[in-house]
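Q: model the structure of this input:
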Amino acid sequence: MEPDSVILNRTLIPFFPAAIALTLALLGASAIPVAGQLAYGNWHWIAHFGAYAVLAYLWRRALPRALALGVAAAVVAFGFVQEAIEIAGHAHGIELADALVNAAGGALGVAAAHASSRRSD
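A: Numbers count the residues shown, from 1 in each chain. As a prediction, this is how the structure comes out:
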């Protein structure tokens, strides 16, 4: 078997567990009411955007054979699911603006990962 045909080779190992860990952390944060009160004002948007940019970057680098658009779609969908979980976890209504900021961060993260992986080829 050629090294290029290995799905999870040693260069990808740090990205996969980090992507899983951040995914689980975001799920946990959506269920804990106090997590929604950690950032106020513009920091709230920056936190959402940054978290989803990093999440998308990690998943794109962890799954280099997946289509970039597929990774972006999965991260965007996860952002909407997380916001739906927050309805119960944070006891508030749906925050569509948060989901859209999550989506924007996810799109940037996938684009950054795609660009950085192409430069390293």
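Q: and the most centrally placed residue in the chain, what helix or strand is that in?
A: Centrality entry for the chain: nearest residue to the mean C-alpha point is residue 55, 2.6 Å, by CA atoms, centre = their mean. According to DSSP states H and E, residue 55 maps onto helix 42-62.
Q: so the helix or strand that that helix is followed by versus helix 42-62, what angle?
A: Downstream of helix 42-62, the first helix or strand assigned by DSSP H and E is helix 68-89. Interaxial angle of helix 68-89 relative to helix 42-62 (axes from the mean of the first three to the mean of the last three CA atoms, to 10 degrees): 140 degrees.
Q: gap between helix 68-89 and the chain center?
A: In terms of CA atoms, centre = their mean, to the nearest Å, the centre of helix 68-89 is set 8 Å apart from its chain centre.
Q: rounded mean pLDDT for the helix holding residue 55, please.
A: Taken as a whole, helix 42-62 has a mean pLDDT of 93.
Q: check which helices and strands the helix or strand where residue 109 lies is in contact with.
A: Using DSSP H and E, the element containing residue 109 is helix 96-119. When contacts are defined as 3 or more CB pairs under 8 Å, 6 or more residues apart in numbering; DSSP states H and E, helix 96-119 packs onto helix 42-62, helix 68-89. (Each C-beta comes from the backbone N, C-alpha and C, glycine too.)
Q: and those helices, which is most packed in?
A: Among the helices and strands packed on helix 96-119, helix 42-62 has the highest mean neighbour count (mean count of other CB atoms under 10 Å), at a mean of 21.
Q: now it, how far from the chain's geometric center?
A: For helix 42-62, the distance to the chain centre is 5 Å (CA atoms, centre = their mean).
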